[in-house]
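Asker: Structure for this input, please:
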Amino acid sequence: MQIDILLFDEASGDGLSSATRFGGLPSASGDFTWPTCRSCDGEMQFLGQVRSPTSERLHLVFMCQNNPGVCSEWDADKGANAVICTATDGLRIAPAPSDGETVRATLYGARVERVRASSYDEARSGWSERHPGRQREVLGQIGGEPDWLQGDETPRCDHCNEPMRFVAQIEEGPDYDTGMNFAGGCGYLFECGCVGGRGKFLWQS
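Answerer: A predicted model of the protein is given here:
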């Protein structure tokens, strides 16, 4: 089978973009409001934006980093992370709040490379073997099926209660100092095709 892996691409400007990229500030449309954590009430940190492979939507992924490990930011339903689904037209740069750990100290893009493998783990390992010392340049996969580190935690949509559709599996990033905090694991992004374009995020380690 074919696996679409995301690879590090440093060619990412800080302007408007409808492409998948990580760090920096989000590109949003409409009446965007920076999300806050349900546990601590602080503004969440913007992790990055992922272009859906199955719809014309951009998923803005946020996670609380005000009290790491306290606000249950790994859980899809505890309110310590958020996915805001936005259209890919009419975008504007959303300014960051002045308080809290809201912006990561990095900005990088991602490109897609299709490889033949039976799973994402096999695809990632194979690419790393062909490119020694560059394993962290594999940023995850887009589409396909999740490669769970623990058990299957596919979330259900809050609106229609159906299992959500897998969008991407996301690694912490190419640099230890600026990596996303998944406790050494990886994140999982989902969307629902029902009215409202809802999304959810969780991570496992």
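Asker: what about this structure, any weak spots by pLDDT?
Answerer: Under the criterion pLDDT under 70, the flagged ranges of the chain are 13, 196-197.
Asker: just so I have it, where are all the helices in this protein?
Answerer: Listed from the start of the chain, the chain has helices (DSSP state H) covering 120-130.
Asker: which stretches of it form strands?
Answerer: Counting by DSSP state E, one finds strands in the chain at the ranges 2-9, 21-23, 27-28, 45-51, 57-63, 81-87, 92-93, 107-116, 138-142, 165-170, 186-191, 199-204.
Asker: Tell me which of these lies nearest to Asp99.
Answerer: strand 45-51 (12.0 Å; Cβ to Cβ). Just so you know, the C-beta spots here come from the backbone N, C-alpha and C atoms, and that holds for glycine as well.
Asker: Start and end of stretch 133-149, how far apart?
Answerer: Across its full length, stretch 133-149 reaches 23 Å between end residues, using Cα to Cα, to the nearest Å.
Asker: What are the buried residues along that stretch?
Answerer: Buried residues in stretch 133-149, defined by neighbour count with 16 or more other Cβ atoms under 10 Å: 137-144, 146-147, 149.
Asker: related to what we said a few turns ago, ok, which of the strands of the chain comes nearest Glu153?
Answerer: Of the strands of the chain, nearest to Glu153 by Cβ to Cβ is strand 199-204, at 5.9 Å.
Asker: how close does the residue lying closest to Gln150 once chain neighbours are set aside sit to Ala110?
Answerer: Once its chain neighbours are removed from consideration, Gln150 has its nearest residue in Gln204; the separation is 4.7 Å (Cβ to Cβ, 6 or more residues apart in numbering). Gln204 sits 21 Å away from Ala110, taking Cβ to Cβ, to the nearest Å as the criterion.
Asker: Which one's more surrounded, those two?
Answerer: Applying other Cβ atoms under 10 Å to Gln204 and Ala110 shows that Ala110 carries more neighbours, namely 23 against 17.
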